[in-house]
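Participant: A predicted structure for the sequence below; I have some questions about it.
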Amino acid sequence: MKKIVVFLFCLCCSFLFINAQPKREFRATWLTTVWAIDWPKTSGSTNQIAELKQKIATLKNANLNATCFQVRSMCDAMYNSAYEPWSKVLTGTRGVNPGYDPLAVAITEAHNLGIELHAWLNPYRYESTAGTNGNMDIRKNHPDWLLTYSGGSVILDPGNPEVVTYIANIVKDILLKYDVDGILFDDYFYAYEGTPSSLDAASQAKYKPAGMSLSNWRRSNINSMVAAVYNVIQSTKPWVRFGVSPFGIWTTDASVAAAHQLTLPSGITGGNMYEQIYCDPVAWMKAGTVDYISPQLYWPTTSSGQDYDVLCPWWSNTTKTLYERRSDGKKIHFYSSMTRSSTTNSESNLQVERTRVSDVIGAPGHIFYNTTNFLANNYPAELVASSGKFYRKALVPPITWKNHPTLPAPTNLNVSGTSMTWQYKLSSSPNTEARFSIYCYPKGTDPTTAMANPAYLLGMSYSPSFTLSSSYNSSYTYAVCTMDRYGNEFGTAFFNAPSNVTVTTGNATNIAKTSATLNGSTNAASGDITEMGFQWRLSSASTYNTLYGTYSDGNISASLTGLTAGTSYTFRAFVTTSSGTVYGGIKTFTTTQLTPPTVVTGSATNVTETTANLSGTITAGDEAITGKGFQYKVSGGNYASIVGTLSGTTLSASLSSLMTGTTYTYRAYATTNSSTYYGSERTFTTIAVVPPTVTTNDASNVEGLSATLNGDVVVGSEALLEKGFEWKTTVGGTYTKISGVLSETTMMANLSGLQYSTGYTFRAYAKTATATHYGVEKTFITTQDPAVLEGTVNITEIWNKPIASTNYLYSGNIQRSMAYYDGKLYIPKISTEGRCDIINASTGNLSSSIKVENFDNKWNMMNVAISNDGQIMFGSSLIGSYYIRVNFSNRVSGGLSDTRDIITNFGRSDYFYYYGDFHTSTGGYLLALSNTSNKVIKVPAANGVFGTPVMMYNTSLPTGSSSKVFPINETEFFAHTIDFLPTVHISPNGTLKDAFGGSSVNPSETSGIVVFTFKGRKFMVIPASRYGSIEVYDITNGMLNAEKVINGTANLGSNANDSFTLGLCANVESDRVMIYVLAPNNGLAAYALTIYTSTVDNQKVSKIKGSVYNTPNGIRVEVPEAAMVEIYDIRGVLVKKQHINSTTEFALRRGAYIVKIDNQPFKVIR
């Protein structure tokens, strides 16, 4: 027979309330096993069992009445699980049987001591560091269930329905095997670090409903899991309490609270877990899928942004508000979860008191985190001291709202010495299993009053026996109440009571809206009874009313009238004899609800693209209808309301301004003074509009002052109200409309009044009754002013993306490199997340992003290079290493396909370049310049394989920060640092071949270079400042004779660029060269470089006769066949005339000249 030893406080002076301590109060700690935080601290089964028992006994001696024992922390088990391996903390190895069952030991010990045992599970967490559990259990059998975060944590995928079923089955396995009193989940749902949309993309594709937002879907996943667990408990052991302990702040979004008709607590700031981990405890409470909520209020009463004194009453009041809105009478308890970490005893005592003061439903509670911290600073001894907050014992608050049978009173109670024993006949139904509450009070005290006083409560027992701390005292009455597993007390057995009269309170019968029949029984003879009847009150009140009853063969009954519908009442039977008044146990009942209106949602009719008529019926119930109409929403969104018209019982309303081709959910509603009632949800879909297809084509007939805009418009299901083009100057312009001429599907418009050498952006458009539809943006550049001299180089800004207004540029100099390939720009982000953004080179807008790999070193994403055959590479020397790291990826899908480390031993090299193919037999090579050692490394490659590196050392090679090289051909390359202008070198020795002459170029203390050939001339682009300004040089005749053709462009910003580099790349087109400039921490821009060529008189000249180029000493004339060359100065004076048969150079001074080749004129400036 199990026995319980407790202290019997029977001294008269001690039967006073201490600090108004409640008789019903949940008191527990989190007994944490993950990482062995609280237990086990020892090894071996014998030591661990003794340690666990000692822990539980210490909690019981602190007058706690429950412990929350963590049995599943990382998809493992502290019990004999049918699904998961034994926990690693028991033996040091996951899956090894420890030789005993910790949960079974904990339950037996807790019940022997008369306290509850709640099994605490973490529902989703699998690993805190990826790979810790190895390739076993879930990772081996269900890898698709796991989500791995960049921070290293791994969880079960909440969006996978198989995971929901798995968690529910785990809970059911525990319920069927173990006599637990509760199931408790903590706050780990989706990870706190935030869940990128790409992480659970597979589940989204399979399970997320169309039109439902990602946030709402993730919250619904958590809600579904909570509901599934609750339903399993109700169908298996409904008396087992189910609680969840969410983060202490529900949301900081006032609109979310308003949608639930709630107001957020004033002055509270912090994380919005509604959006971060997708936790919505308000939804669980509204749905009634938890028995208690225990938010983690881990802040002191002195906190300015998370004040315990504000949050605690808000949660308590919100819990009451939400269950009062329910029509089924279900309540939800609020137990505060409080931290003992770095919390003084006085602060903990203050929080206990604040929780009691905040209680509005008679069910306060406290769960302390964690057990080790709870036991620190001698806190248990302080709690049970005569002035302590837990000086009196307490029973857990009862669950009164669930169906439960009436249990009989114990019989044959006997007290002898320190032993209390009684008898109780158990039913075969597990729903009638009983526990017992034990009392001792001065003889002659009213028993009902005495047993409501925690001063007389000795404790609880799971068996029909109890051990007193002192021997029987005839001055006291001893009492034992039957208490069911829900915590409800029933009939009482007394020992040494003033009389042997017993009274049992029966169930209320004939319960109606405003009346009920109260029932009871007694063993008192009719002739001994002086008064009998019932005491009754509102369950929320504290003062009883008296109703006298009638007696018949030991049964007492009375009719109670004048009640309120849908209201909970408490009552007890009483009998008064000459020996005094004896009371039965406390019972409750709830009057039936008023007959609600019948609300039926009808069909939607006359549905068009933007309108619909809704119908329904409302049949009034007991209350008048005060409001009526419909609620409607886009599937997955929030409801909006429209007032309806009620004619008889027919309800109708018309919706307008709807979205085309959209599915709406709607329901009828009726409001009375007591509640709002809804019909079932129905749906309709508005007619989809087929929009016109609008295509912007290239501009044609582009001249200096005019152009023709072109496009296509294919008419859809709506008539066109307007059509044409919108156009503007590309830089700084705003759109202007011009009407288009439509011939079948082809549309054009002629623009005039334009400016020479100016970039313009335009797009086709077509307007219908529902929307304006656009084609993509296109650009063109007007031709140069004819007055401008032949061969003049011009640069035009096409687009400009400042960092402040661009969603893919980041502050902090973490984007320093850029590569162009096939109409796209590739810009890596220097971080461990391994991300590269892909930009549409035509518009400067973000096209997509690729994920390479989660790196342990952010410099893996310092530099980007792309081979001619499309192989993308990322890397750098990783700063301080002796090699260059090259990471290979896929330009479209990302991922890390290979990593090569090229040993250099030449110090730091931030950037490398690639020339030629990588995967073909032709191949190419990788080139990098050391910052410090006058060295260049050249690594040949072919057929996807790097060859033997060639190291070039030459004192003419520049040194300095942000070193860069730019390949010219198979043997020549440019070298450049922030301290040295670009120079040309030759492999294999790095010998200097060419350099700038004179002082026409000044270092900008910024590296960056791109070189290209366009229309027979070679150009170099280098930084003019570190803020994005560039200048262009014509180096056709060598760098010694370089000519600056474009002065510094405008800076892209003024933010600090501590990387001292610009990312530069170019793409040569038929009529222009696109130059792209990335200024770290400032912006990204695109420019078009053009060369003016004069218009030739087609009536006189049928073909181009030749070409004219500048040379260091004059000009070079190239002709395909014999021709007469005449050269005139700016005054029209003939200075040279010669018949030539091939390329010929003419010595000329600097100036402007007209060169005629067989009378075909060319303008040239030296």
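Facilitator: Thanks, I have it.
Participant: could you point out the longest helix in the protein?
Facilitator: When the chain is parsed with DSSP state H, its longest helix is helix 214-236.
Participant: packing partners for that one?
Facilitator: Helix 214-236 sits against helix 161-177, strand 182-185, helix 201-207, strand 241-244, helix 281-287, with contacts defined as 3 or more Cβ pairs under 8 Å, 6 or more residues apart in numbering; DSSP states H and E. Where C-beta positions appear, they are placed from N, C-alpha and C, glycine not excepted.
Participant: can you tell which of these is closest to residue 223?
Facilitator: helix 281-287 (5.2 Å; Cβ to Cβ).
Participant: Distance from the chain centre to the helix or strand that that closest one is followed by, please.
Facilitator: Going down the chain from helix 281-287, the next helix or strand is strand 292-293, by DSSP states H and E. Its chain's C-alpha centre and that of strand 292-293 lie 24 Å apart, by Cα atoms, centre = their mean, to the nearest Å.
Participant: contact partners of strand 292-293?
Facilitator: By Cβ atoms under 8 Å, 6 or more residues apart in numbering, the residues outside strand 292-293 that reach it are 26, 241-246, 281, 284-285, 315, 319, 332-335, 365.
Participant: can you list the helices and strands packed on helix 214-236 in JSON lines and add mean neighbour count, distance to residue 1029 and mean pLDDT?
Facilitator: Below are these laid out as JSON lines (neighbours: other Cβ atoms under 10 Å; distance: least, Cβ to Cβ, whole Å; pLDDT from 0 to 100):
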{"stretch": "helix 161-177", "mean neighbour count": "18", "distance to residue 1029": "55", "mean pLDDT": "97"}
{"stretch": "strand 182-185", "mean neighbour count": "24", "distance to residue 1029": "59", "mean pLDDT": "98"}
{"stretch": "helix 201-207", "mean neighbour count": "13", "distance to residue 1029": "41", "mean pLDDT": "95"}
{"stretch": "strand 241-244", "mean neighbour count": "24", "distance to residue 1029": "59", "mean pLDDT": "97"}
{"stretch": "helix 281-287", "mean neighbour count": "21", "distance to residue 1029": "55", "mean pLDDT": "95"}
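Participant: Can you lay out those as CSV showing distance to residue 1118?
Facilitator: Below are the helices and strands packed on helix 214-236 laid out as CSV (distance: least, Cβ to Cβ, whole Å):
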stretch, distance to residue 1118
helix 161-177, 74
strand 182-185, 83
helix 201-207, 58
strand 241-244, 84
helix 281-287, 79
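Participant: returning to that earlier point: can you point out the buried residues in the longest helix of the chain?
Facilitator: Going by neighbour count (16 or more other Cβ atoms under 10 Å), the buried part of helix 214-236 is 216-223, 225-230, 232-233.
Participant: Going by distance to residue 262, which of these wins?
Facilitator: residue 219 (15.9 Å).
Participant: And the average pLDDT for the longest helix of the chain is what?
Facilitator: The pLDDT scores in helix 214-236 average 97.
Participant: Could you check how many residues crowd around residue 84?
Facilitator: 19 (other Cβ atoms under 10 Å).
Participant: On the three-state scheme, it is what?
Facilitator: coil (DSSP: H, G, I helix; E, B strand; the rest coil).
Participant: now it, nearest residue through space, not along the chain?
Facilitator: residue 77 (4.8 Å; Cβ to Cβ, 6 or more residues apart in numbering).
Participant: Specify the beta-bridge partners of the one you found.
Facilitator: With DSSP bridges as the criterion, residue 77 is bridged to residue 86.
Participant: OK, contacts around the residue lying closest to residue 639 once chain neighbours are set aside?
Facilitator: Nearest non-adjacent residue to residue 639, counting by Cβ to Cβ, 6+ apart: residue 631, 4.1 Å away. Contacts for residue 631 (Cβ under 8 Å, 6+ apart) come out as 639-642, 666-667, 669, 678.
Participant: for the stretch 451-600 of the chain, what spans make up the strands?
Facilitator: With strands called from DSSP state E, counting those that start in this stretch, the stretch 451-600 of the chain shows them at 457-461, 465-467, 476-484, 489-495, 503-505, 516-522, 531-538, 545-548, 550-552, 555-560, 568-577, 580-583, 587-590, 598-605.
Participant: Worst mean pLDDT among those strands?
Facilitator: strand 580-583 (a mean of 79).
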